[in-house]
Structures are given as structure tokens and as C-alpha cells.
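A.B. asks: need a 3D model of the sequence below.
(one chain, ligands or ions: 1)
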Amino acid sequence: MSTIVLDRVSVRVSVDGRNDPKTLLQELSLTFTERRIGIIGANGSGKSTLLRLLNGLVAPSDGTVGVDGADTVRAVREVRRRVGFVFTDPLSQLVMPTGREDVELSLRRSIRNTTERRAHAETVLDRFGLLRLADQSIYELSGGERQLLALAAVLAVDPEVLVLDEPSTLLDLRNRELLRRTLSGLRQQVILSTHDLELAQDMDRVLVVDAGRVVFDGGPAEAVRHYRALSAAGLPSLGLPGTGAGGAGLAGLQQGGLERP
Ligand SMILES: Nc1ncnc2c1ncn2[C@@H]1O[C@H](COP(=O)(O)OP(=O)(O)OP(=O)(O)O)[C@@H](O)[C@H]1O
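C.D. replies: The predicted model follows:
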């Protein structure tokens, strides 16, 4: 496994030219050596920003990120060779008109011979049940098919580390199972963010991120419990009579206790 080290990393961005920058991540010091690492947390908590640091898509404002000693800013090319990144939105990643061409593009450096490249691309597509769609326009694929294709195109080049930003958002039950099985069988180190708490349970280590900080770091079951408690605490009151003291609440709703005008 690779060793990825974040040393006192903060990420800040200036918004609309204002003087006070917005802090997206604050003072993170983390070492990733496990095979399967998950990141969970609320919308906007900083999960994608954290993942994007790992292959140099985002540069730290303070601190450093290193992948097996290669700095993600100074040695970004070396880092990107080692770390494959699968985007949440496949269309921000797929650049060629068809799946076949996209996978072949990924392979252009590693396999020079075009016949061999084509054969390998077909093997990769077949692994994800995408061979029959190989020559269809990527715009005519379903969202889930595109998400699998984006994963296939990154895996084709066999990176050491696979970073996936919410890889199951568009997938149906069957393809979610395919994704889970594929990820658990990979030799690669996998680091992913997800709102899919079942997928999070497959991980060896899970971090809970909240407002740009890691607020829990440990086993998946405990991490999910921590995240559920955090989310419940942050829920706004629905303002229903009886959700506080003495009113009808949900029971009242179910008994027709609240009437529409
Ligand atoms: N380039 C940017 N400029 C300004 N704000 C940004 C920028 N990138 C991200 N943000 C903000 O940083 C916060 C964290 O964003 P991030 O995409 O990391 O969240 P996330 O946890 O992945 O959310 P989600 O679960 O909704 O995908 C959000 O409030 C987002 O609006």
C-alpha cells in the first residue's frame, strides 16, 4: 500500500474577491496506509476538497501532502501517475465521444500498439458489463453507465491508489453491488467519499468530516454511528405542534390531528 501523508494542511479560497478567505479544510494531519478508507460527512463539509488534495487537483494553502514521498504540488505528474481519480460527475472526466475511445485514450501511454490497446480496452469494458455500449455516444449512456465507465477508464491504467468521489450516487442496486464487489477485489488502495453508508461499512477506516475538520477517525460502524448522531443533532426543528412539549406531533398528523385549510 502507498503511504499518503497530510501534514498540517489547510485549504482556503477567496470568494468574490473578498479579503477574508473561506476556510474549506482546517489543519489536517493524517496518514493513510490502510487498504480501504472512507470519508463521510454532510453536504459541503469538505470531503471532495480532501480527496482532491490527494492527487494535486487542489493545492494546500498551508502544509503539505505527499504520496510515497512525492509532493502533490512539486511532483504533481508523478503523483497523478500513482493516484487515479474518479469524479462524481462522469462528464467532467470522460472526454472522448465513446466509451471505447475514452478507455483507449487512458491506455495511450501504457500500450503503444493499437491492436493490443484495443483488445485491452475491450477486456476492461467487459469487466464492467460495458462492452455492448462501447461504441455508443457517452451522452446516450445512462448516468450509472457513465459512472461505471469513468471508473473503468481510470482502472484501465492500473494506478497504485484509486480515489473515488461519491462513486455510487447514480448506480442502481445491482450496479452498486457490482461496484462494492469490484472495489473489495481490487489490489489498489482505495480512498473514497460517500453518502452510501453500506459502502462505508466495507471500509477498514472511516473518517467523519464536519465543517472542514475530521471529527471522527476509526472503524466503520462507530464512524457511521458518530455521523448519524451528528446529523440528527444538526436537524432543524420542523416546527410541528407537539414536536416539543405537549402537542400532537407526528402521532397527531397520523391521526389527522392537523388539518389543511
Ligand atoms: N473553489 C471553491 N470556491 C469557493 N468555495 C468552495 C470551492 N470549492 C468548494 N467550496 C466550498 O467548500 C465547501 C466544501 O465543499 P466540498 O465539495 O469539499 O464538500 P463535500 O463534503 O464534498 O460536499 P457534497 O457531499 O455536497 O459533495 C462547500 O461549502 C463548497 O461550497
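
A.B. asks: now the helix or strand harbouring residue 119: mean pLDDT?
C.D. replies: Applying DSSP states H and E as the criterion places residue 119 in helix 114-127. For helix 114-127, the mean pLDDT works out to 92.

A.B. asks: and if you look at stretch 33-42?
C.D. replies: 96.

A.B. asks: who touches that stretch?
C.D. replies: Residues outside stretch 33-42 that contact it (Cβ atoms under 8 Å, 6 or more residues apart in numbering) are 1-4, 47, 50-51, 183-184, 189-195, 197, 199-200, 202-210, 220, 223-224, 227, 230-231, 234. In this view, the C-beta of every residue, glycine as well, is placed from N, C-alpha and C.

A.B. asks: ok, now stretch 4-21?
C.D. replies: Contacts of stretch 4-21 (Cβ under 8 Å, 6+ apart): 22-33, 46, 49, 53-54, 58, 60-68, 161, 191, 212.

A.B. asks: buried subset of these?
C.D. replies: Buried by 16 or more other Cβ atoms under 10 Å: 23-26, 28, 32, 46, 49, 53-54, 58, 60, 63-67, 161, 191, 212, out of the contacts of stretch 4-21.

A.B. asks: restricted to helices, list the residues you listed.
C.D. replies: 49, 53 (DSSP state H).

A.B. asks: ok, and of the buried ones among the contacts of stretch 4-21, which contact the ligand?
C.D. replies: 24, 46, 49 (Cβ under 6 Å from any ligand atom).

A.B. asks: so can I have a markdown table of the residues you listed showing pLDDT?
C.D. replies: Formatted as a markdown table, those follow (pLDDT from 0 to 100):
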| residue | pLDDT |
| --- | --- |
| 24 | 96 |
| 46 | 96 |
| 49 | 97 |
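
A.B. asks: of the residues you listed, which is the nearest to residue 165?
C.D. replies: residue 49 (10.1 Å; Cβ to Cβ).

A.B. asks: gap between the residue nearest to the closest one when sequence neighbours are not counted and residue 93?
C.D. replies: By the measure of Cβ to Cβ, 6 or more residues apart in numbering, the closest residue to residue 49 outside its immediate chain neighbours is residue 24, 4.7 Å from it. Distance check for residue 24 against residue 93: by Cβ to Cβ, to the nearest Å, it reads 21 Å.

A.B. asks: all helices of the chain, in order?
C.D. replies: Listed in chain order (using DSSP H), the helices of the chain are 47-53, 76-82, 99-106, 114-127, 143-155, 173-185, 197-201, 220-233, 249-254.
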